[in-house]
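Peer 1: sequence and predicted model, in that order:
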Amino acid sequence: MDEPLPRPEIARGTHGPRPVSIKAIAAMAGVRRWTVWDCRDPDLISERLQTVLSPILRDIEAGRIRFVRKAIGSGDRGLRGSTFEVEYRSPQAGRMPPPQPRMVRAADYNEWARCQSCGSPHFSAFGSYFGCDGCLGEGDRRMLDIGHGS
């Protein structure tokens, strides 16, 4: 079994820049939602919580678990908002694809390829391109006028 992630890494994984569902992570770990919410403070993370959250956060980082925001309700009833749906995914059979540039056309984008510059597997769509979340910071996104992705 892998070593548990360090407490600060668990805090980043549950409350970091990637959209995650605290409710879904809590259900996967078999703990209360507020227990995961309290993980934003590394001092409140117990050894047991480190042990149960580490494999879940590793799967999120690797892209095997992904959270997709979906609209809920309808305009007729006045219900509006969004919720996260959990997608469990498996990488392509065989070898991983070669790395891709930090900015790639949508037609050439491969969701399992890592960035050739930083090695991150996380890319965000903008227009007809995908950009590496690890390489393109807020300044780059503002300069390119692409926002933060969705």
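Peer 2: Thanks, I have the structure now. Numbering: from 1, shown residues only.
Peer 1: how about the helices in the chain?
Peer 2: 7-15, 22-29, 33-37, 47-62, 138-144 (DSSP state H).
Peer 1: tabulate those (CSV), appending mean neighbour count, mean pLDDT and distance to Glu87.
Peer 2: All C-beta spots, glycine's among them, are computed from the backbone N, C-alpha and C. Below are those laid out as CSV (neighbours: other CB atoms under 10 Å; pLDDT from 0 to 100; distance: least, CB to CB, whole Å):
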stretch, mean neighbour count, mean pLDDT, distance to Glu87
helix 7-15, 18, 87, 17
helix 22-29, 18, 88, 11
helix 33-37, 17, 91, 19
helix 47-62, 17, 89, 11
helix 138-144, 12, 68, 25
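Peer 1: neighbours of the nearest residue to Glu87 once chain neighbours are set aside, how many?
Peer 2: Closest residue to Glu87 apart from its sequence neighbours, by CB to CB, 6 or more residues apart in numbering: Arg66 at 4.6 Å. Counted with other CB atoms under 10 Å, the neighbours of Arg66 add up to 17.
Peer 1: per-residue pLDDT, Arg66?
Peer 2: Note on Arg66: pLDDT of 81.
Peer 1: closest to Ala113 out of the helices of the chain?
Peer 2: Taking CB to CB, helix 47-62 is the member of these nearest to Ala113, at 13.1 Å.
Peer 1: what's the closest one in contact with?
Peer 2: Identification of contacts with helix 47-62 by CB atoms under 8 Å, 6 or more residues apart in numbering yields 2-5, 7, 9-10, 13-14, 18, 20, 25, 28-31, 35-36, 39, 65-66, 121.
Peer 1: contacts only, for the residue nearest to Glu87.
Peer 2: By CB under 8 Å, 6+ apart, Arg66 lies in contact with 60, 86-87, 89.
Peer 1: filter these to the buried ones?
Peer 2: Neighbour counting over these (16 or more other CB atoms under 10 Å) leaves Ile60 as the buried ones.
Peer 1: need the contacts of Arg66 in JSON lines with distance to Asp140, can you?
Peer 2: Listed next are these as JSON lines, based on distance: CB to CB, whole Å:
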{"residue": "Ile60", "distance to Asp140": "24"}
{"residue": "Val86", "distance to Asp140": "30"}
{"residue": "Glu87", "distance to Asp140": "27"}
{"residue": "Arg89", "distance to Asp140": "27"}
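Peer 1: cheers, nothing more for now.
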